[in-house]
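A.B. asks: with the sequence up front, the predicted model follows.
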Amino acid sequence: MRNGREGLRSFKMEPTVTLETIIGIFALAAGTVWTPGPNNAMLASSGARFGLRATVPHVLGVALGFPVMCFVMALGLGQVFEAQPLIGEVLRWAGAGMLLWIAWKTLQAKPPGTEAGSAKPWSFVQASAFQWVNPKAWMMAVSMISQFVTGTEPLREAAILSGIYALVGLTSATGWAGFGAALQRFLSTRTRMLCFNAVMAGLIVLTVLALLFADLRPAG
(Lines give C-alpha, C1' and ligand atoms only; values in the text may rest on other atoms or scores of the structure.)
Protein backbone atom coordinates (compact mmCIF):
# COMPACT_ATOMS: atom_id res chain seq x y z
CA MET A 1 0.00 0.00 0.00
CA ARG A 2 2.78 2.37 0.86
CA ASN A 3 4.45 1.87 -2.50
CA GLY A 4 1.10 2.38 -4.19
CA ARG A 5 0.52 5.69 -2.42
CA GLU A 6 4.01 6.85 -3.28
CA GLY A 7 3.36 5.92 -6.87
CA LEU A 8 0.15 7.92 -6.93
CA ARG A 9 1.92 10.92 -5.41
CA SER A 10 4.63 10.71 -8.05
CA PHE A 11 2.00 11.04 -10.78
CA LYS A 12 0.33 14.12 -9.28
CA MET A 13 0.57 17.13 -11.56
CA GLU A 14 2.40 20.18 -10.33
CA PRO A 15 0.22 23.30 -10.15
CA THR A 16 0.54 25.40 -13.30
CA VAL A 17 0.01 28.69 -11.44
CA THR A 18 2.65 29.13 -8.76
CA LEU A 19 3.33 32.02 -6.41
CA GLU A 20 6.16 33.15 -8.69
CA THR A 21 3.76 33.16 -11.63
CA ILE A 22 1.21 35.23 -9.73
CA ILE A 23 3.89 37.77 -8.76
CA GLY A 24 5.02 37.93 -12.38
CA ILE A 25 1.46 38.55 -13.58
CA PHE A 26 1.00 41.30 -10.99
CA ALA A 27 4.25 43.00 -12.03
CA LEU A 28 3.53 42.83 -15.76
CA ALA A 29 -0.09 43.90 -15.26
CA ALA A 30 0.97 46.95 -13.26
CA GLY A 31 3.53 47.89 -15.88
CA THR A 32 1.06 47.66 -18.73
CA VAL A 33 -2.10 49.18 -17.26
CA TRP A 34 -0.44 52.14 -15.50
CA THR A 35 1.58 53.30 -18.50
CA PRO A 36 0.04 55.95 -20.80
CA GLY A 37 -2.28 54.63 -23.46
CA PRO A 38 -5.74 55.20 -24.96
CA ASN A 39 -7.69 54.06 -21.89
CA ASN A 40 -5.66 56.11 -19.44
CA ALA A 41 -5.62 59.22 -21.61
CA MET A 42 -9.39 59.02 -22.04
CA LEU A 43 -9.92 58.46 -18.30
CA ALA A 44 -7.76 61.46 -17.41
CA SER A 45 -9.59 63.59 -19.95
CA SER A 46 -12.98 62.45 -18.62
CA GLY A 47 -11.92 63.15 -15.05
CA ALA A 48 -10.83 66.66 -16.01
CA ARG A 49 -14.02 67.38 -17.95
CA PHE A 50 -16.68 65.74 -15.80
CA GLY A 51 -15.09 64.96 -12.43
CA LEU A 52 -14.21 61.67 -10.76
CA ARG A 53 -17.71 60.72 -9.62
CA ALA A 54 -19.22 61.09 -13.09
CA THR A 55 -16.32 59.09 -14.55
CA VAL A 56 -16.86 56.07 -12.25
CA PRO A 57 -18.85 54.09 -14.90
CA HIS A 58 -16.01 54.66 -17.37
CA VAL A 59 -13.51 53.54 -14.71
CA LEU A 60 -15.41 50.33 -14.02
CA GLY A 61 -15.91 49.65 -17.72
CA VAL A 62 -12.15 49.73 -18.31
CA ALA A 63 -11.20 47.95 -15.08
CA LEU A 64 -13.65 45.07 -15.66
CA GLY A 65 -14.04 45.06 -19.45
CA PHE A 66 -10.41 44.23 -20.17
CA PRO A 67 -10.23 41.31 -17.68
CA VAL A 68 -13.38 39.84 -19.25
CA MET A 69 -11.69 40.03 -22.65
CA CYS A 70 -8.58 38.33 -21.21
CA PHE A 71 -10.73 35.61 -19.67
CA VAL A 72 -12.50 34.83 -22.94
CA MET A 73 -9.26 34.86 -24.93
CA ALA A 74 -7.50 32.61 -22.42
CA LEU A 75 -10.29 30.06 -22.81
CA GLY A 76 -9.70 29.71 -26.53
CA LEU A 77 -10.44 32.89 -28.45
CA GLY A 78 -6.71 33.54 -28.65
CA GLN A 79 -6.34 30.37 -30.75
CA VAL A 80 -8.88 31.71 -33.25
CA PHE A 81 -6.93 34.96 -33.31
CA GLU A 82 -3.75 33.02 -34.07
CA ALA A 83 -5.35 30.87 -36.77
CA GLN A 84 -6.89 33.84 -38.59
CA PRO A 85 -4.20 36.56 -39.02
CA LEU A 86 -6.66 38.65 -41.03
CA ILE A 87 -8.59 39.33 -37.82
CA GLY A 88 -5.51 41.00 -36.39
CA GLU A 89 -5.07 43.20 -39.42
CA VAL A 90 -8.72 44.26 -39.46
CA LEU A 91 -8.50 45.01 -35.76
CA ARG A 92 -5.28 46.94 -36.22
CA TRP A 93 -6.63 49.36 -38.84
CA ALA A 94 -10.18 49.65 -37.51
CA GLY A 95 -8.85 50.27 -34.02
CA ALA A 96 -6.33 52.80 -35.30
CA GLY A 97 -9.08 54.72 -37.08
CA MET A 98 -11.26 54.78 -33.98
CA LEU A 99 -8.39 55.89 -31.76
CA LEU A 100 -7.50 58.73 -34.11
CA TRP A 101 -11.14 59.87 -34.01
CA ILE A 102 -11.07 59.71 -30.20
CA ALA A 103 -7.82 61.71 -30.19
CA TRP A 104 -9.48 64.38 -32.34
CA LYS A 105 -12.50 64.56 -30.03
CA THR A 106 -10.18 64.74 -27.02
CA LEU A 107 -8.31 67.64 -28.57
CA GLN A 108 -11.59 69.54 -29.00
CA ALA A 109 -12.77 69.09 -25.40
CA LYS A 110 -13.74 72.30 -23.60
CA PRO A 111 -12.71 73.46 -20.10
CA PRO A 112 -14.54 71.92 -17.10
CA GLY A 113 -18.00 73.39 -16.57
CA THR A 114 -18.33 74.70 -20.13
CA GLU A 115 -19.26 71.45 -21.91
CA ALA A 116 -22.34 71.49 -24.09
CA GLY A 117 -25.46 69.78 -22.74
CA SER A 118 -24.97 66.78 -25.05
CA ALA A 119 -21.46 66.06 -23.76
CA LYS A 120 -21.30 63.32 -21.13
CA PRO A 121 -18.79 60.75 -19.87
CA TRP A 122 -18.68 57.25 -21.24
CA SER A 123 -21.01 54.65 -19.75
CA PHE A 124 -19.92 51.29 -18.34
CA VAL A 125 -21.10 49.50 -21.50
CA GLN A 126 -19.29 51.91 -23.83
CA ALA A 127 -16.01 51.62 -21.94
CA SER A 128 -16.30 47.81 -21.75
CA ALA A 129 -17.09 47.48 -25.46
CA PHE A 130 -14.18 49.74 -26.37
CA GLN A 131 -11.72 47.15 -25.06
CA TRP A 132 -12.65 44.82 -27.92
CA VAL A 133 -11.58 47.36 -30.55
CA ASN A 134 -8.60 48.77 -28.67
CA PRO A 135 -5.43 47.39 -30.32
CA LYS A 136 -3.35 48.03 -27.19
CA ALA A 137 -5.78 45.95 -25.13
CA TRP A 138 -5.51 43.10 -27.62
CA MET A 139 -1.72 43.29 -27.65
CA MET A 140 -1.62 43.22 -23.84
CA ALA A 141 -4.00 40.26 -23.70
CA VAL A 142 -2.09 38.31 -26.34
CA SER A 143 1.21 38.95 -24.56
CA MET A 144 -0.07 37.88 -21.14
CA ILE A 145 -1.80 34.75 -22.47
CA SER A 146 1.29 33.71 -24.44
CA GLN A 147 3.46 33.95 -21.33
CA PHE A 148 1.23 32.69 -18.53
CA VAL A 149 -1.56 30.49 -19.96
CA THR A 150 -0.38 26.94 -20.65
CA GLY A 151 -3.78 25.41 -21.40
CA THR A 152 -3.28 22.68 -18.77
CA GLU A 153 -5.88 24.24 -16.47
CA PRO A 154 -7.53 26.79 -18.77
CA LEU A 155 -10.40 27.82 -16.49
CA ARG A 156 -8.20 28.28 -13.44
CA GLU A 157 -5.47 30.08 -15.38
CA ALA A 158 -7.99 32.36 -17.09
CA ALA A 159 -9.67 33.19 -13.77
CA ILE A 160 -6.38 34.05 -12.05
CA LEU A 161 -5.13 36.15 -14.96
CA SER A 162 -8.36 38.11 -15.33
CA GLY A 163 -8.75 38.50 -11.54
CA ILE A 164 -5.31 40.03 -11.18
CA TYR A 165 -5.95 42.38 -14.08
CA ALA A 166 -9.26 43.44 -12.51
CA LEU A 167 -7.54 44.35 -9.22
CA VAL A 168 -4.62 46.18 -10.81
CA GLY A 169 -6.81 47.77 -13.49
CA LEU A 170 -9.16 49.21 -10.91
CA THR A 171 -6.29 51.05 -9.21
CA SER A 172 -4.94 52.31 -12.53
CA ALA A 173 -8.28 53.47 -13.96
CA THR A 174 -9.19 55.23 -10.72
CA GLY A 175 -5.76 56.80 -10.49
CA TRP A 176 -5.82 58.25 -14.00
CA ALA A 177 -9.38 59.52 -13.66
CA GLY A 178 -8.49 61.01 -10.30
CA PHE A 179 -5.43 62.67 -11.83
CA GLY A 180 -7.62 64.40 -14.39
CA ALA A 181 -10.20 65.38 -11.76
CA ALA A 182 -7.48 66.90 -9.57
CA LEU A 183 -6.58 69.24 -12.44
CA GLN A 184 -10.09 70.58 -12.96
CA ARG A 185 -9.49 73.93 -11.25
CA PHE A 186 -6.13 74.38 -12.99
CA LEU A 187 -7.69 73.60 -16.38
CA SER A 188 -10.42 76.21 -16.04
CA THR A 189 -8.90 78.39 -18.79
CA ARG A 190 -9.18 77.54 -22.48
CA THR A 191 -5.42 77.74 -23.07
CA ARG A 192 -4.56 75.33 -20.26
CA MET A 193 -7.28 72.94 -21.30
CA LEU A 194 -6.06 73.01 -24.88
CA CYS A 195 -2.53 72.12 -23.74
CA PHE A 196 -3.85 69.30 -21.58
CA ASN A 197 -6.01 68.01 -24.42
CA ALA A 198 -3.05 68.13 -26.78
CA VAL A 199 -0.96 65.98 -24.42
CA MET A 200 -3.76 63.42 -23.95
CA ALA A 201 -4.51 63.32 -27.68
CA GLY A 202 -0.79 63.03 -28.39
CA LEU A 203 -0.53 59.97 -26.12
CA ILE A 204 -3.32 58.31 -28.08
CA VAL A 205 -1.70 59.14 -31.43
CA LEU A 206 1.68 57.81 -30.27
CA THR A 207 -0.04 54.58 -29.23
CA VAL A 208 -1.62 54.31 -32.67
CA LEU A 209 1.74 54.76 -34.40
CA ALA A 210 3.35 52.10 -32.20
CA LEU A 211 0.51 49.62 -32.67
CA LEU A 212 0.50 49.94 -36.44
CA PHE A 213 3.85 48.15 -36.39
CA ALA A 214 3.13 45.81 -33.48
CA ASP A 215 2.74 42.05 -33.87
CA LEU A 216 -0.76 41.15 -32.64
CA ARG A 217 -0.24 37.42 -33.09
CA PRO A 218 0.27 35.18 -30.05
CA ALA A 219 3.84 34.03 -29.62
CA GLY A 220 4.33 30.52 -30.96
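C.D. replies: That came through fine.

A.B. asks: who touches residue 175 in this structure?
C.D. replies: Residues near residue 175 by CB atoms under 8 Å, 6 or more residues apart in numbering: residue 34. Heads up, the C-betas are built off the backbone N, CA and C, glycines and all.

A.B. asks: let me fix that, I meant to ask about residue 165.
C.D. replies: 29, 33, 66, 67, 70, 144.

A.B. asks: repeat the analysis, applying 10 Å as the threshold.
C.D. replies: Contacts of residue 165 were listed using CB atoms under 10 Å, 6 or more residues apart in numbering, and they are 25-26, 28-29, 32-33, 63-64, 66-71, 140-141, 144, 172.

A.B. asks: please name the nearest non-neighbouring residue to it.
C.D. replies: Leaving aside its chain neighbours, residue 165 sits nearest to residue 67 (4.4 Å; criterion: CB to CB, 6 or more residues apart in numbering).

A.B. asks: the one you found and residue 137, how far apart?
C.D. replies: Per CB to CB, to the nearest Å, residue 67 is found 10 Å from residue 137.

A.B. asks: now stretch 151-165: how far from the chain's centre is it?
C.D. replies: Here stretch 151-165 is found 17 Å from its chain centre; the criterion is CA atoms, centre = their mean, to the nearest Å.

A.B. asks: in that stretch, what's buried?
C.D. replies: 157, 158, 159, 160, 161, 162, 164, 165 (16 or more other CB atoms under 10 Å).

A.B. asks: export the residues you listed to JSON lines and tack on distance to residue 184?
C.D. replies: As requested, the buried residues of stretch 151-165 are exported to JSON lines (distance: CB to CB, whole Å):
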{"residue": "157", "distance to residue 184": "41"}
{"residue": "158", "distance to residue 184": "39"}
{"residue": "159", "distance to residue 184": "38"}
{"residue": "160", "distance to residue 184": "38"}
{"residue": "161", "distance to residue 184": "35"}
{"residue": "162", "distance to residue 184": "33"}
{"residue": "164", "distance to residue 184": "32"}
{"residue": "165", "distance to residue 184": "29"}
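
A.B. asks: so which helix or strand takes in residue 193?
C.D. replies: Here residue 193, judged by DSSP states H and E, is contained in helix 190-211.

A.B. asks: packing partners for that helix?
C.D. replies: Counting contacts by 3 or more CB pairs under 10 Å, 6 or more residues apart in numbering; DSSP states H and E, helix 190-211 packs against helix 38-50, helix 85-107, helix 135-148.
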